[in-house]
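J.: here are the coordinates; sequence isn't available:
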């Protein structure tokens, strides 16, 4: 019957429209997200600069930007969701590990252990993170808008060569500086006896975290180096199979 | 007319020719090819060979016959080394002997685990001894099943996976044994009642789990009636088959839940949760495979938790 044939084609068109609108919606959301994050980290950078210029010292800098930092760094959890539902083609595990390590540093080390907030190592990783994130998010933004200036691409795939190790040094030194305070206060720890028959020592947990940088950091670093070779030089890398 | 086929084996990564087999019978199997390949390369025994028709494709099963594959007169195959392999029985044995012995080290408070003056002492709490009996029984049962009951389908498992699995099982058993047998262990809040009820459930689940393993092994052994899906029998423990595809996993979760309640130890609960997640993944896979294979598969059955999951 003619009307049912028409219904068929109208339905098909609707489905195609649904697919196209979904993809447009996805692009719109991702563009908005990346612009917002670029802006957020730019705000952080400005705040840090203004503080340093005004006060001439880094003491108290962390406290002044702590809330903004917590907000934007925690919001990055959304990126794990992007990978999980597939709108961003990156491994959930790689993104998950990176975001979790950032959140761990912010919430469980820098914000909760006040005595280290004026350490130089904290400022080091803050600066590194800020530069890295501004580069990264603006790269994604430009890419989504299909207008990617070469220098942004260049920055994204070259800055990390120096910034990644610097950031790791800042993070490790900060955790190391925090150790004596954690030991003395016994924070986040639980001792026996208790009715759940479990114990947890945050001091040793932090030491294990520091040790875990040894296998994890090279993997992430070489992953970025491989990506760099592929994107900047068009090399085809044969991955070693597990 | 020469009906024989030629087989060329290339390295999947480097594409260099590893061997060229002339005059191969068309009805030879992949297993035969692997044996011939093994003669040329003695360190790559058949279990660690992966042969594919496409460098990135799925590996060919040993039973496949050359004639039935989409190849011309010269078959080109790609070889990948799967690494050292161990048979399933060896794997299961290694995975289960570790926890059995490690727990006992903690129960008898071998020196250097707890403080010196506690070495070789025993806990005043009855529940600690009961927990040791249960844990040891659980792993002894598994070892016996591995040797006498289970019929394994695949031949082997790569060494790396075994190391990872053993680290997981051995590590967890050390972690939970440490707390249960600790001098500062706190017995369950509801005392004897909690322990006794938990023990009853533990016993029921262990018997259930064993019944299911027996039932599955009979199913596998009885090839005369073709492939069938598992079904309830006269044994009441197998009646769980009315509701779930993998009651062995259901009973296993029950065992560990009861052990958590019996010891009231958080590490045991963590192990239970992780085990539950892993077993649910396995059960769902098995359930999907059953549904796909058997058109008359009972609709009321779910994977692991009756009526729910």
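T.: Noted; the coordinates are in hand. The structure displayed is predicted, hence computed values, not measured ones.
J.: contacting residues around the residue nearest the centre of chain A?
T.: In chain A, the centroid-proximal residue (C-alpha atoms, centre = their mean) is residue A:99; its distance is 4.4 Å. Shown in contact with residue A:99 (C-beta atoms under 8 Å, 6 or more residues apart in numbering or on different chains): A:76-77, A:79-80. Every C-beta, even on glycine, is put in place using the N, C-alpha and C of the backbone.
J.: at 10 Å instead, please
T.: Residue A:99 makes contacts with A:73-80, as judged by C-beta atoms under 10 Å, 6 or more residues apart in numbering or on different chains.
J.: can you put the residues you listed in a markdown table and add neighbour count?
T.: Formatted as a markdown table, these follow (neighbours: other C-beta atoms under 10 Å in any protein chain shown):
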| residue | neighbour count |
| --- | --- |
| A:73 | 21 |
| A:74 | 14 |
| A:75 | 14 |
| A:76 | 18 |
| A:77 | 14 |
| A:78 | 12 |
| A:79 | 21 |
| A:80 | 19 |
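J.: isn't there a strand covering the residue nearest to the centre of chain A?
T.: No - using DSSP: H, G, I helix; E, B strand; the rest coil, the assignment for residue A:99 is helix, not a strand.
J.: do you know how far it is from residue B:94?
T.: Residue A:99 sits at a distance of 36 Å from residue B:94 (criterion: C-beta to C-beta, to the nearest Å).
J.: Chain A contacts on the stretch 201-309 of chain B?
T.: Taking C-beta under 10 Å from any C-beta of the partner chain as the measure of proximity, the stretch 201-309 of chain B contacts chain A at B:263-270.
J.: Now with 7 Å, please.
T.: Contact residues, the stretch 201-309 of chain B versus chain A (C-beta under 7 Å from any C-beta of the partner chain): B:264-267.
J.: Let me have those in a markdown table, adding distance to residue A:60 and neighbour count as columns.
T.: Shown next, in a markdown table, are those (distance: C-beta to C-beta, whole Å; neighbours: other C-beta atoms under 10 Å in any protein chain shown):
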| residue | distance to residue A:60 | neighbour count |
| --- | --- | --- |
| B:264 | 47 | 22 |
| B:265 | 45 | 27 |
| B:266 | 40 | 19 |
| B:267 | 42 | 22 |
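J.: Next step: the residues you listed restricted to strands.
T.: Among those, no member falls in strands (criterion: DSSP state E).
J.: Any residues of chain A in contact with chain B? List them.
T.: A:192-198, A:238.
J.: Include secondary structure and pLDDT when you put the residues you listed into CSV, please.
T.: Converted to CSV, those look like this (DSSP: H, G, I helix; E, B strand; the rest coil; pLDDT from 0 to 100):
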residue, secondary structure, pLDDT
A:192, coil, 89
A:193, coil, 90
A:194, coil, 92
A:195, coil, 90
A:196, coil, 93
A:197, coil, 92
A:198, coil, 92
A:238, coil, 54
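J.: returning to that earlier point: skipping adjacent residues, who's closest to the residue nearest to the centre of chain A in space?
T.: residue A:76 (5.1 Å; C-beta to C-beta, 6 or more residues apart in numbering or on different chains).
J.: Name the pair among the contacts of residue A:99 with the greatest separation in space.
T.: A:73 and A:80 (12.9 Å; C-beta to C-beta).
J.: For the nearest residue to residue B:227 once chain neighbours are set aside, grab the count of nearby residues.
T.: Of all residues not flanking residue B:227 in the chain, residue B:293 sits nearest, at 7.2 Å (C-beta to C-beta, 6+ apart). Using other C-beta atoms under 10 Å in any protein chain shown, residue B:293 is surrounded by 10 other residues.
J.: Residue B:293 and residue B:267: what is the separation?
T.: Taken as C-beta to C-beta, the span from residue B:293 to residue B:267 is 39 Å.
J.: Repeat that for residue A:56.
T.: Relative to residue B:267, residue A:56 is positioned 51 Å away (C-beta to C-beta).
J.: Then residue B:180?
T.: 9 Å.
J.: got it, and residue A:195?
T.: Per C-beta to C-beta, residue A:195 is found 14 Å from residue B:267.
J.: So which residues on the stretch 51-200 of chain B come close to chain A?
T.: So far as C-beta under 7 Å from any C-beta goes, the stretch 51-200 of chain B lies against chain A at B:179-180, B:182, B:184-186, B:189.
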